[in-house]
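Chemist: Structure of the sequence below:
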Amino acid sequence: QVQLVESGGGSVQAGDSLRLSCAASGRTFNAYVTGWFRQAPGKEREFVGAIRWSGGGTYYADSVKGRFTISRDISKNTAYLQMSSLKREDTAVYYCAAGLAYKTGLSARAANYEYWGQGTQVTVSS
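Modeler: Coordinates of the predicted model:
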């Protein structure tokens, strides 16, 4: 069974940086895509970005492009979301998700991802 565990959330000031981790277990992830999503109170879950484990190709939402970077460490089975120049509107619970690359692609649709982590809170204050 695939398990995803996020970590690294916290409370920061606007303009700060934060790195989230998504540790995956249960199988090797060469054939998978990891997506990052976020959900603010009262809002729908929003796509942040995604990465292919094989090749490392990435895709980002316009709202975070140039500020957020997704990477992965194959040896650690861990994906990362490096967030810089954080804004108050980045405040949300952040989730990582995984899906088989041939089914999911670098999809922005949450429904295309099969496995989900429990989420980690990021709070940005000004």
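Chemist: Contact partners for the nearest residue to residue 108 once chain neighbours are set aside?
Modeler: Excluding its sequence neighbours, the residue lying closest to residue 108 (CB to CB, 6 or more residues apart in numbering) is residue 47, at 3.8 Å. Where C-beta positions appear, they are placed from N, C-alpha and C, glycine not excepted. Residues near residue 47 by CB atoms under 8 Å, 6 or more residues apart in numbering: 35-37, 61, 108-110.
Chemist: Assign a three-state SS to residue 47, would you?
Modeler: strand (DSSP: H, G, I helix; E, B strand; the rest coil).
Chemist: Spatially central residue in the chain, please.
Modeler: residue 36 (2.4 Å; CA atoms, centre = their mean).
Chemist: For the helix or strand containing that residue, give me every contacting residue.
Modeler: Residue 36 is part of strand 32-39 when elements are defined by DSSP states H and E. Applying CB under 8 Å, 6+ apart, the external contacts of strand 32-39 come out as 20, 22, 24, 45-53, 68, 70, 72, 79, 81, 90, 92-101, 104-108, 110, 113, 119, 122.
Chemist: Report the buried residues of the helix or strand bottoming out on mean pLDDT in the chain.
Modeler: In the chain, the helix or strand scored least confidently by mean pLDDT, DSSP states H and E is helix 101-104, which has a mean of 89. By neighbour count on 16 or more other CB atoms under 10 Å, the buried set for helix 101-104 is 101, 104.
Chemist: Next SSE downstream of that helix?
Modeler: Following helix 101-104 in sequence, per DSSP H and E, is strand 115-116.
Chemist: Which elements pack onto that next one?
Modeler: Other helices and strands packing on strand 115-116, by 3 or more CB pairs under 8 Å, 6 or more residues apart in numbering; DSSP states H and E, are strand 3-7, strand 92-100.
Chemist: Give me the angle between the first one and strand 32-39.
Modeler: So that's strand 3-7. 50 degrees (axes from the mean of the first three to the mean of the last three CA atoms, to 10 degrees).
Chemist: list the buried ones in strand 3-7?
Modeler: Those buried within strand 3-7 under the rule 16+ other CB under 10 Å are 4, 6.
Chemist: ok now do residue 73, which residues does it touch?
Modeler: 79-80.
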